[in-house]
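Chemist: Just the structure for this:
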Amino acid sequence: MTSSLPLLLLDVDGVLNPFVAPACPPGYTEHEFFPGEEPVRLCSAHGPWLQELATRFQIVWATAWGADANRLLAPLLQIPDLPVTTSRRSPSIPATSSPPSSLQWADQLG
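Modeler: From the prediction side, this is the model:
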């Protein structure tokens, strides 16, 4: 995947899905994607915003959602499928360590 546009790495939880909010924020809708887990909160206004960003950035899902981001979220946000990369932690790296740098993500994308 080669593009002359700058890379925009897009996470889901905490970015598009304000899961830590005590209640569903105004403008968001809750979706029960995963039985037994908290609902996912999405704002449909983010779809046009992401489409506008895609004119200036190469957007890549950078999330543990993996392919589910395209399968579940892209249709609701009315955006095309995006390339996907996921965060993989080595067992020797503590969870409190810093996430990979954007250069490491870019290397993973090829």
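Chemist: what about the nearest residue in space to Val12 that is not next to it in sequence, how many neighbours?
Modeler: Closest residue to Val12 apart from its sequence neighbours, by C-beta to C-beta, 6 or more residues apart in numbering: Thr63 at 4.6 Å. Yep, even glycine has a C-beta here, placed from its N, CA and C like the rest. For Thr63, the count of nearby residues is 21 (other C-beta atoms under 10 Å).
Chemist: cool, the one 3 residues further on as well?
Modeler: Gly66 sits with 12 neighbouring residues when counted by other C-beta under 10 Å.
Chemist: Let me know the distance separating it from Val15.
Modeler: 16 Å (C-beta to C-beta, to the nearest Å).
Chemist: One more: Leu8?
Modeler: Relative to Val15, Leu8 is positioned 11 Å away (C-beta to C-beta).
Chemist: More neighbours: those two, which one.
Modeler: Neighbours of Leu8 and Val15, each counted by other C-beta under 10 Å, are more numerous for Leu8; the result is 16 against 12.
Chemist: Need the pLDDT of the residue nearest to Val12.
Modeler: For Thr63, the pLDDT comes out at 92.
Chemist: Equivalent analysis for Ser3, please.
Modeler: Ser3 carries a pLDDT value of 72.
Chemist: returning to what we had before: would you confirm that the residue nearest to Val12 contacts Ala69?
Modeler: Yes: under the criterion of C-beta atoms under 8 Å, Thr63 makes contact with Ala69 at 5.6 Å.
Chemist: residues shared between the contacts of the two?
Modeler: Residues touching both Thr63 and Ala69 by C-beta atoms under 8 Å, 6 or more residues apart in numbering: 12, 84.
Chemist: Any idea how many residues pack against Ala54?
Modeler: Neighbours of Ala54 using other C-beta under 10 Å come to 15.
Chemist: residues touching it, list them.
Modeler: Ala54 sits next to Ile79 when contact means C-beta under 8 Å, 6+ apart.
Chemist: can you list the residues that contact stretch 63-80?
Modeler: For stretch 63-80, the external contacting residues (C-beta under 8 Å, 6+ apart) are 10-13, 16, 31, 33, 40, 42, 44, 46-47, 50-51, 54, 61, 81-82, 84, 86-87.
Chemist: Since that was my last question, I'll sign off now.
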